[in-house]
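# Output the structure for:
(one chain, ligands or ions: 2)
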Amino acid sequence: MTRTNLLDLSHPQLASLLAELGEPAYRARQVWGWLYKRFALSIDEMTDLPAYLRARLAERAEVRLPAVIRALTSDDSLTRKLLLKLDDGNVIESVLMMYDLTEESRERRTVCVSTQAGCAVGCPFCATGQMGFVRNLTSGEIVAQVLLFARELSSARPGQKQAPAKAAAEGETHLPITNIVFMGMGEPLLNYANLWQAVERLHDPQGFNLGARRMTISTSGIIPGILTLATEKLQVNLAVSLHAPNDKLRNIMVPVNRKYPIADLMKACRSYFEATKRRITFEYVLNDQVNASEELAHELGKLLKGMLCHVNLIPVNPTDATFSRPKRDVVLAFQRIVESYGIATTVRVEKGVEIRAACGQLSAKQAKAS
Ligand code: SAH
Ligand code: SF4
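Ligands and ions are numbered 1, 2, ... in the order given. You can find the predicted model right below:
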């Protein structure tokens with residue numbers, strides 16, 4: 001029988017497991033703290049649990065983290081990517097960005113998390129999309145990506161001699177993760193239940209304790225998911241990958257548009273805004289000769305005019321010869337036009353290109369090579 005992965009359990013589920021072992025309620029808080037505050041890699045590390053309990057717990061459960069099969073750091077050390085192998089051999093990737101995606105001044109450490117192996121949406125410029133859908137990640141596989149980086153950061157403290165778990169046990173939280181973006185491989189809103197369990201777990205004030213507003217879910221425009229998100233008590237940020245201002249082009253750029261066309265998507269975005277009063281970010285990956293013309297910039301401006309939103313312009317990270325990045329002046333001209341409609345925009349800073357930081361690029365390469 002496979003043992004339960006402790007990272008797949010909610011706090012109440014963990015409490016039930018420990019209650020079944022005849023343990024008092026505070027034990028669940030203790031184990032939870034080991035997982036989400038001290039980033040323990042095994043039950044063995046939970047040294048303040050009595051040895052008999054560690055042994056009994058280990059008969060039923062384990063801390064099952066994906067194996068790091070490659071770790072890459074960008075030349076400027078600000079981007080780090082982990083290639084992770086799941087239990088069943090599937091490979092996913094996660095990225096840590098130690099800078100601010102929007103170029104605001106605050107220091108950030110953002111983890112970009114995958115929610116699926118592969119993706120069914122099939123956007124042609126996206127490496128993950130080219131792999132097709134493989135499977136949903138479990139909630140444990142989603143949180144594990146954050147915990148692996150948290151663990152690395154807690155041991156990255158300059159001059160630190162202690163083991164990270166020990167340092168954390170003594171109340172030293174160092175270089176914490178400040179933001180999580182669900183923008184790695186996969187479509188988060190097509191794995192809603194597991195995604196949301198991961199969000200709640202990472203938010204839990206008794207554990208990882210990351211504010212909902214520090215988490216961003218990016219979607220290709222899955223309307224039922226957006227509407228469900230609007231009803232959640234925890235208000236995370238929503239980013240919608242638009243990439244084209246009309247159905248004809250978006251049907252190609254984001255093929256799920258055939259099911260959820262732009263007019264319906266905008267209606268869902270407006271309902272989301274009504275319910276949450278949260279500003280939506282629209283992502284627009286700029287591909288030269290495809291969706292970066294001045295005419296399309298005007299069309300985008302007209303589409304979004306009057307909405308409380310932000311447009312993030314992202315020069316594509318080319319995955320093959322079909323898609324390339326527009327020249328800087330084309331990007332800036334596009335930006336100026338969109339802004340002339342009273343819409344706030346940012347051009348995403350490009351970092352980590354040499355480690356193929358864009359979603360799915362490395363795993364796709366790995367899959368091709370093997
Ligand atoms: N499936 C979700 C979230 C994962 S993709 C979504 O599509 O929103 C996260 C973002 O990365 C999306 O905006 C996506 O369009 C963008 N992206 C994908 N491939 C890219 C590439 N090669 N260069 C730049 N951005 C890319
Ligand atoms: Fe899937 Fe997002 Fe890639 Fe499109 S961009 S294929 S939705 S992961």
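# ok, now which ones touch residue 132?
Applying C-beta atoms under 8 Å, 6 or more residues apart in numbering to residue 132 gives the contacts 118, 119, 120, 122. All C-beta spots, glycine's among them, are computed from the backbone N, C-alpha and C.
# Neighbour-wise, give me the winner out of those residues.
For the contacts of residue 132, the largest number of neighbours (other C-beta atoms under 10 Å) sits with residue 119, at 26 neighbours.
# next one: phi and psi at that one?
Main-chain torsions, residue 119, degrees, to the nearest 10: phi -160, psi 140.
# Go ahead and confirm it touches residue 135.
No. Residue 119 is beyond contact range of residue 135, at 10.9 Å (criterion: C-beta atoms under 8 Å).
# any low-confidence regions in the stretch 51-200 of the chain?
Within the stretch 51-200 of the chain, the set of residues satisfying pLDDT under 70 comprises 100-106, 156-174.
# got the residues of this protein near ligand 1?
Applying C-beta under 6 Å from any ligand atom, one finds that the chain approaches ligand 1 through 119, 123, 125-126, 183, 187, 218-220, 241, 283, 285, 314, 316-317, 319, 358-359.
# Secondary structure element holding residue 180?
Assigned by DSSP states H and E, residue 180 belongs to strand 179-182.
# Buried residues, the next helix or strand after that strand. List them.
Using DSSP H and E, the next helix or strand after strand 179-182 towards the C-terminus is helix 192-203. Residues 192, 194, 195, 196, 197, 198, 199, 200, 201, 202, 203 are the ones in helix 192-203 that count as buried (16 or more other C-beta atoms under 10 Å).
# Give me the helices and strands touching helix 192-203, please.
helix 139-155, strand 215-219 (3 or more C-beta pairs under 8 Å, 6 or more residues apart in numbering; DSSP states H and E).
# Quick check on residue 268: phi, psi?
The phi/psi pair for residue 268 (degrees, to the nearest 10) is phi -60, psi -40.
# The helix or strand encompassing residue 273 close to ligand 2?
In this assignment (DSSP H and E), residue 273 forms part of helix 262-276. No. Judged by C-beta under 6 Å from any ligand atom, helix 262-276 stays clear of ligand 2, getting no closer than 13.2 Å.
# May I have the very next helix or strand once past that helix as CSV, with CA atoms only?
Using DSSP H and E, the helix or strand that directly follows helix 262-276 along the chain is strand 280-286. Extracted in CSV, the C-alpha atoms of strand 280-286 (Å, rounded to 0.1, in the frame of the first residue of the first chain):
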residue,chain,number,x,y,z
ILE,A,280,-7.7,42.0,-13.2
THR,A,281,-4.4,41.8,-15.0
PHE,A,282,-4.6,40.9,-18.7
GLU,A,283,-1.5,39.2,-20.1
TYR,A,284,-0.6,39.8,-23.7
VAL,A,285,2.4,37.9,-25.1
LEU,A,286,3.7,39.9,-28.0
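# Within its sheet, name the partner strands of strand 280-286 and how each one runs.
strand 237-241 (parallel), strand 309-315 (parallel) (DSSP bridges).
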